[in-house]
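Asker: I would like to see how this sequence folds:
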Amino acid sequence: MLNYKKIKEYIVWNNCNNSCSFCFLKTKLQSSYEQKFESLELCKKDLMDTFNSHLLIMGGEIFAETDIKIQDGLRELFILAANKMEKGDIERLYINTNILYKLDFLESVLDIFETKNLTNRINFTTSYDVNGRFKSKAVEDLFKKNIKILHFKYPNLMIIANTILTNTFCDMVLNEEYNIVNFEKEFGITVNPIPYIHVCDDGLAPTKKQVVETLFALDKQQPNFLKIYCEKMKFDQPRHLLQFNVDKDGNGFLEDVTAENNTCGHCINFTRCFSDSEDCFVCLVKEISKIIDF
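Answerer: Residues are numbered from 1 along each chain as shown. From the prediction side, this is the model:
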């Protein structure tokens, strides 16, 4: 069972190779070559002073980087993370990536942890989204191929597919076009449905009713799904999110972009999950928990 201590999160840069239709980070600062190095140095300096924490490192998309010198800088950041894990300063490492690229560089990073027998302390998360992530069947096929490669090469790696609860995905579950058991079995991963945080009226947000029906439908497909899902949502894990930015003089810094909490005590982003309601997603799941425990 995971220890839900605080988690330090780095958005190293916003640059990405995919430009998903729903992504708002592409409207943020796109770091230059020099700024990428500056960001890496700032992250390493901050990580040196990080203790008793989990750690998440993500972009943008950092593993699609092709420049050798920047790859070396990224590898140094992960070597530091591995050393901190060996000392016990970092308990678990979370890596978030779209895996829509050749795996050579990513594998060179994972090999750092494999050599140190730390792979079983990594939560490797990617996103499966049927709306805006896969621009063609070829891209989706690449995603699925890479998952299978990683599962085969790193059997101790916990691979989690964060599956976004858009209205399209909800309809696929409710129309029995998607089965969570079959998906997990085919790719050797754990599926984790996550709420769709919409920042504009893009038509992808589901209704509250759709989400409730989808969660119960997934429970029918996979017995005890809801019980386990609700238990996970009960933990309010403190998060500290840092994102590279530059000030008016062009100097780089790590900006604290941690979202505020709503009056219910949960992150305000969880009130942006439904097309017809501003109710909190976590509060909804807790209400569902009361029903299944009755």
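Asker: show me what the lengthiest helix in the chain is in contact with.
Answerer: Counting residues, the longest helix in the chain under DSSP state H turns out to be helix 68-87. With contacts defined as Cβ atoms under 8 Å, 6 or more residues apart in numbering, helix 68-87 is touched by 12, 33, 36-37, 40, 43-44, 47-48, 50, 55, 57, 62, 65, 90-91, 93, 105, 108-109, 112-113, 116, 118, 121. Glycine gets a C-beta too; all of them are placed from N, C-alpha and C.
Asker: burial of Ile291, as a residue count?
Answerer: 10 (other Cβ atoms under 10 Å).
Asker: so how far is Leu284 from it?
Answerer: Distance, Ile291 to Leu284, by Cβ to Cβ, to the nearest Å: 11 Å.
Asker: what stretches of the stretch 1-150 of the chain score poorly on pLDDT?
Answerer: 1-4 (pLDDT under 70).
Asker: and the helices in it, which stretches?
Answerer: 33-48, 68-87, 104-115, 137-153 (DSSP state H, counting those that start in this stretch).
Asker: can you lay out those as JSON lines showing mean neighbour count and distance to Asn18?
Answerer: As requested, these are exported to JSON lines (neighbours: other Cβ atoms under 10 Å; distance: least, Cβ to Cβ, whole Å):
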{"stretch": "helix 33-48", "mean neighbour count": "16", "distance to Asn18": "18"}
{"stretch": "helix 68-87", "mean neighbour count": "16", "distance to Asn18": "18"}
{"stretch": "helix 104-115", "mean neighbour count": "17", "distance to Asn18": "15"}
{"stretch": "helix 137-153", "mean neighbour count": "14", "distance to Asn18": "8"}
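Asker: follow-up on the earlier one: identify the contacts common to Ile291 and Leu284.
Answerer: What both Ile291 and Leu284 touch, as defined by Cβ under 8 Å, 6+ apart, is an empty set.
Asker: could you export stretch 43-62 as PDB, CA atoms only?
Answerer: Output in PDB follows, covering the C-alpha atoms of stretch 43-62 (Å, rounded to 0.1, in the frame of the first residue of the first chain):
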ATOM      1  CA  CYS A  43      15.100  21.500 -10.400                       C
ATOM      2  CA  LYS A  44      18.300  19.800  -9.300                       C
ATOM      3  CA  LYS A  45      19.000  22.500  -6.700                       C
ATOM      4  CA  ASP A  46      15.500  22.200  -5.300                       C
ATOM      5  CA  LEU A  47      15.600  18.400  -5.300                       C
ATOM      6  CA  MET A  48      18.800  18.500  -3.200                       C
ATOM      7  CA  ASP A  49      16.800  20.200  -0.400                       C
ATOM      8  CA  THR A  50      13.900  17.800  -0.700                       C
ATOM      9  CA  PHE A  51      13.300  15.200   2.000                       C
ATOM     10  CA  ASN A  52      10.600  12.800   3.300                       C
ATOM     11  CA  SER A  53       8.600  13.200   0.100                       C
ATOM     12  CA  HIS A  54       7.400  11.500  -3.000                       C
ATOM     13  CA  LEU A  55       8.600  13.100  -6.300                       C
ATOM     14  CA  LEU A  56       7.000  13.600  -9.700                       C
ATOM     15  CA  ILE A  57       8.900  14.700 -12.700                       C
ATOM     16  CA  MET A  58       7.100  15.600 -15.900                       C
ATOM     17  CA  GLY A  59       6.700  18.100 -18.800                       C
ATOM     18  CA  GLY A  60       5.300  19.000 -21.200                       C
ATOM     19  CA  GLU A  61       7.000  16.000 -22.600                       C
ATOM     20  CA  ILE A  62      10.600  15.500 -21.500                       C
END
